[in-house]
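**Q** Sharing a model prediction with you, sequence too.
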Amino acid sequence: MKFLIPFLFLQLTINDSFADGFDQHFATVFIDQETEKQYGPVPLDRSLLAIAINTLADAGAKGVILKFFIDLAKDEPGDKALVKAISRIPVLLQARIDDSEPSPNPLPTRFIETQLITTSINAKSGWIPHPKFSSLAYDIGFVDYEGLAVSFFETYQGQTVKSLLLAAIELALGEKAVIEPTKQLRVGAIKFNLDNLNRVKVRLRSEPDFNYIPFHHVMQQSDWSNRVKNKVVILGYVGPKIPRIQTELGSISAHELFVRILKILFDHRQD
C-alpha cells in the first residue's frame, strides 16, 4: 500500500467567504494504547465500534469516517450492531486497491463517478467494504497515495472512484466536487489546482501536532461531546500496530498521516 508523505504544502485556493477550517469541521477519535489496555488489542470487536458510532451520533456529530477496513464478515452480533449504527448517521467507509485480492466484494454503482477521469492509480481488484456495510454507507473512498501528489480520484475496474480525502471534504462541506475547465477541482468554497492526472501537487512543510479524543473517553461518556457536535469525526487508530511512514521530518502513523493531510487541505491558503 502506498502512503503520501505528511506535512504538506498544497497548491489550493480558498475563497475569502470560506473562513472556517479543519477544526470547525472535523474532530478526531483515536484508539490508542490506553484504549487497548481497557478494551483489548485492535481490531476491536465491531460491537465496540458500533457503540462509539452510536455515542457520536447521540452527541450530534455530523458524520463518521471509519478508518478501518471492513471487507470481511465477522461474528454476527458485532456485525449486526455495526450495521445498525451505520444506518443512524452518515458514515464514510474506506477501500483500497490490491490486485492480489482474488475475490473483491462488489462496489455499489452509486459510489462510481459518472465522469471518466484520468488518474495515476489503476487496479482491477481491491479491499472493498462487505456488502452488508457498503449498502448503508454514505460514501466509500479509496486510500491509496503515491509520491508528493494527492490523488483525489482512482481508477478501479476501469471506472473512476473518489479518494477518502475527497469524500471527507464533500461530507464536511455538504457539497459535491466539480472539476472546472480551468483544471481546478472545486468543493464549495475550496478550489484545488490539478495536474494532468487530476492530482494536487505538494511540497513538504512542518505542521503542529493536533489533539485527539481517546476512544475510551467516548466509551466512558467523558466530557468530550462539545468537541464533536456538528462535525465529521475521524475514527482511527494510533497505537503500536499501525504502520509508520518514515519521512524527512520523522515517522508518522498512517491514520495520523490521513488527518494531517486533510487538515492541510482545509487550512492552507494559497498566496
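**A** Good, I have the coordinates. Numbers count the residues shown, from 1 in each chain.
**Q** Going by C-alpha atoms from here, please, whenever you check contacts or count neighbours.
**A** OK.
**Q** how many other residues sit next to Leu166?
**A** Counted by other Cα atoms under 10 Å, the residues lying close to Leu166 total 21.
**Q** and the helix or strand encompassing it, what does it pack onto?
**A** Following DSSP states H and E, the helix or strand that holds Leu166 is helix 164-173. Taking 3 or more Cα pairs under 8 Å, 6 or more residues apart in numbering; DSSP states H and E as contact, the helices and strands that helix 164-173 lies on are strand 91-97, strand 139-142, strand 184-187, strand 232-237.
**Q** weakest of these by average pLDDT?
**A** Comparing mean pLDDT over the helices and strands packed on helix 164-173, the weakest stretch is strand 184-187, at a mean of 92.
**Q** quick one: strands adjacent to that one?
**A** Paired neighbours of strand 184-187 in the sheet (DSSP bridges): strand 178-180 (antiparallel), strand 190-193 (antiparallel).
**Q** Could you dump the ones you listed into TSV and include mean pLDDT and distance to Val91?
**A** Compiled in TSV, the strands paired with strand 184-187 are given as follows (pLDDT from 0 to 100; distance: least, Cα to Cα, whole Å):
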stretch	mean pLDDT	distance to Val91
strand 178-180	91	22
strand 190-193	90	22
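**Q** ranking those strands by burial, who's on top?
**A** Highest mean neighbour count of those: strand 190-193, a mean of 21 (counted as mean count of other Cα atoms under 10 Å).
**Q** thinking again about what came up before, would you mind giving the helices and strands packed on helix 164-173 as CSV with distance to Tyr156 and mean neighbour count added?
**A** Formatted as CSV, the entries for the helices and strands packed on helix 164-173 read as follows, by distance: least, Cα to Cα, whole Å; neighbours: other Cα atoms under 10 Å:
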stretch, distance to Tyr156, mean neighbour count
strand 91-97, 7, 25
strand 139-142, 10, 24
strand 184-187, 20, 20
strand 232-237, 24, 25
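**Q** So for Gly60, which of the ones you listed sits nearest?
**A** Among the helices and strands packed on helix 164-173, strand 232-237 comes nearest to Gly60, with 9.9 Å by Cα to Cα.
**Q** List of residues touching that closest one?
**A** 25-32, 61-68, 168, 171-172, 255, 259 (Cα atoms under 8 Å, 6 or more residues apart in numbering).
**Q** For the helix or strand immediately after it in the chain, could you pull out the residues that count as buried?
**A** Beyond strand 232-237 in the direction of the C-terminus, DSSP H and E gives the next helix or strand as strand 244-247. Buried residues in strand 244-247, counting neighbours by 16 or more other Cα atoms under 10 Å, are found at 244-245.
**Q** Fine by me, thanks again.
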